[in-house]
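A.B. asks: need coordinates for the following:
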Amino acid sequence: MTTTDTRTPRARDTADAARALFAERFGIEPVGTWSAPGRVNLIGEHTDYNDGFVLPFAIQHRTHVALAPRTDGLFRVRVASTFDDATAEVELDELDALFPDRRDDVPEWARYPLGVAWALLAASDTDPSTVTGVDLAFASNVPIGAGLSSSAAIEGATAVALAETWGVVPLDLVALAKVGRRAENEAVGAPTGIMDQMASLLGRADAAIFLDCRSLEAQVIDLGFADAGLELVVIDTGVKHSHATGGYGERRAACERGAAALGVPALRDVTPDDLPRLAELVDDVTFRRVRHVVTENQRVLDTVRTLREQGPAAIGDLLVASHASMRDDFEISVPELDTAVEAALSAGAVGARMTGGGFGGAAIALVSHDRVQAVTDAATAAFAAAGFAAPTIFTVSPSAGAARD
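C.D. replies: Here you go, the predicted structure:
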């Protein structure tokens, strides 16, 4: 049976879960909770680490962290979560030795918050002996492994909580996004760009963030889904993915080869007119990887223009073209994602595409309000007919970014 949830997740329940875990693990009450959202990338996949353009928005699903400064005088950070029975504990002055070379000494999930602590101290040029030790406990309703950036939600919540607790200034939200990216790249070992962290920290209600990943200039783009009678449906395939696995790194390396062949700093500097020349310089696989990024950058720009001039009902073909490019050129889709996209379109979706890093995760479909159930039923039936495990289907709303609760 398909698990379908079109309700807004109850953030207070998740914040309460973080507080309860904190009291259970550490024996005292936290001083507060902070939270950050996951994100959906409307369009612009694998363009961020190529200095390109992306158009994500924060969603209502959030990760909450309960925190209290330590009162025992120890310069130590402890992290606990509802998704692991273990509590990780590190001396603040040992973080430099731990990351990046000894990151395997702590559980993978703990590398995210501990990596943020490490990167935040470095970014603010703060001596660990001048800040207080802290305890943190996490709870989340961001689906893990679905391509909705549960990792950036952990990083964003940790960053705003520690920045406030430690009085780290003058770091703004963009600086905290850079902290999260460094944590993910070096402490976790996932070679991601900065899109997810920027979306989680800068998110706005009913809007997307049009981000230039080279300059980090961010513009708020009104989406207008509700006024247009549209819903954004997420079809979580249940196929787990990980940015730290080899497929992601191989795609990034191919992009770097393509840029080097053309003598440019990044694929941001390549236009569609350059592709015929590139085809003579590189192998077919590298060419197709580059073609995806170059055409995807253009699709982001076209989507922003279309949203401004015609509204969200007119972007469907761009979403469909994006999925085809990821499926055929970047080769990061999987049969479950293709099935979700095809089913949604057959049931009348305006447009659909996979979202996130690929190799699993979720698809999104832009759907008129009166077709949400039809899309849900079509995806359910298509997965059953293909012998796939039932997907989880829910709607998401563009929401606010990281903050104290």
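A.B. asks: Pro398: what secondary structure?
C.D. replies: Secondary structure assignment for Pro398 (DSSP: H, G, I helix; E, B strand; the rest coil): coil.
A.B. asks: and for the closest residue to it other than its chain neighbours, the neighbour number?
C.D. replies: Excluding the flanking residues, the one nearest Pro398 by Cβ to Cβ, 6 or more residues apart in numbering is Phe57, at 4.2 Å. For the C-beta atoms, the positions are set from N, CA and C on the backbone; glycine is no exception. Number of residues near Phe57 (other Cβ atoms under 10 Å) recorded here: 28.
A.B. asks: that's a strand at Phe57, yeah?
C.D. replies: Yes - assigned with three-state DSSP, Phe57 falls within a strand.
A.B. asks: do I have it right that it meets Leu42?
C.D. replies: Yes - applying Cβ atoms under 8 Å, one finds Phe57 in contact with Leu42, separated by 6.3 Å.
A.B. asks: which parts of the longest helix along the chain are buried?
C.D. replies: Ranked by residue count and defined by DSSP state H, the top helix of the chain is helix 284-309. Across helix 284-309, burial judged by 16 or more other Cβ atoms under 10 Å covers 286-297, 299-300, 303-304, 306-307.
A.B. asks: can you name the element that comes right after that helix?
C.D. replies: Under the assignment DSSP states H and E, the closest C-terminal helix or strand after helix 284-309 is helix 316-328.
A.B. asks: list the buried residues for that following helix?
C.D. replies: Result for helix 316-328 [16+ other Cβ under 10 Å]: buried residues Gly316, Leu318, Leu319, Val320, Ala321, Ser322, His323, Ala324, Ser325, Met326, Arg327.
A.B. asks: go through those and name the one nearest Ala86.
C.D. replies: For the buried residues of helix 316-328, the minimum distance to Ala86 (Cβ to Cβ) is 35.7 Å, reached by Met326.
A.B. asks: residue nearest the centroid of this structure?
C.D. replies: With distances taken as Cα atoms, centre = their mean, Ser149 lies nearest the centre of the chain, 2.8 Å away.
A.B. asks: which one is that one nearest to, not counting chain neighbours?
C.D. replies: Asp196 (4.1 Å).
A.B. asks: and the one you found, what element?
C.D. replies: Using DSSP H and E, Asp196 maps to helix 195-202.
A.B. asks: tell me what the longest helix of the chain is packed against?
C.D. replies: When contacts are defined as 3 or more Cβ pairs under 8 Å, 6 or more residues apart in numbering; DSSP states H and E, helix 284-309 sits against strand 32-43, strand 53-69, strand 218-222, helix 246-262, helix 275-279, helix 316-328.
A.B. asks: tell me the most buried of these?
C.D. replies: Mean neighbour count (mean count of other Cβ atoms under 10 Å) peaks for strand 32-43 among the helices and strands packed on helix 284-309, with a mean of 28.
A.B. asks: that one vs strand 53-69, what angle?
C.D. replies: Orientation check (axes from the mean of the first three to the mean of the last three Cα atoms, to 10 degrees): strand 32-43 against strand 53-69 gives 170 degrees.
A.B. asks: put the alpha carbons of strand 32-43 into CSV.
C.D. replies: Extracted as CSV, the C-alpha positions of strand 32-43 are listed here (Å, rounded to 0.1, in the frame of the first residue of the first chain):
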residue,chain,number,x,y,z
GLY,A,32,16.1,26.5,23.1
THR,A,33,15.6,24.9,19.7
TRP,A,34,16.6,26.0,16.3
SER,A,35,15.6,24.6,13.0
ALA,A,36,16.3,24.6,9.3
PRO,A,37,14.3,23.2,6.3
GLY,A,38,15.0,20.7,3.6
ARG,A,39,14.7,21.9,0.1
VAL,A,40,13.3,21.0,-3.3
ASN,A,41,15.3,22.1,-6.3
LEU,A,42,12.7,23.2,-8.8
ILE,A,43,15.3,23.2,-11.6
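A.B. asks: name the strands paired with it and say parallel or antiparallel.
C.D. replies: Using DSSP bridges, strand 32-43 pairs in its sheet with strand 53-69 (antiparallel), strand 403-404 (antiparallel).
A.B. asks: among the ones you listed, which is nearest Ala97?
C.D. replies: Evaluated over these, closeness to Ala97 peaks at strand 53-69, with 23.1 Å, by Cβ to Cβ.
A.B. asks: what's the angle between the closest one and helix 284-309?
C.D. replies: Strand 53-69 and helix 284-309 are oriented at 90 degrees to each other (the same axes, to 10 degrees).
A.B. asks: re the thing from before, which strand residues bridge the residue nearest to Pro398?
C.D. replies: Bridge pairing for Phe57 - DSSP bridges - gives Val40.
A.B. asks: how far away is it from Ile209?
C.D. replies: Computed as Cβ to Cβ, to the nearest Å, the Phe57 to Ile209 distance reads 7 Å.
A.B. asks: and of the strands paired with strand 32-43, who's closest to Pro265?
C.D. replies: Each of the strands paired with strand 32-43 has some distance to Pro265 by Cβ to Cβ; the shortest is strand 53-69, at 15.7 Å.
A.B. asks: can you give me how far the closest one is from the chain middle?
C.D. replies: The gap between where strand 53-69 is centred and where its chain is centred comes out at 9 Å by Cα atoms, centre = their mean, to the nearest Å.
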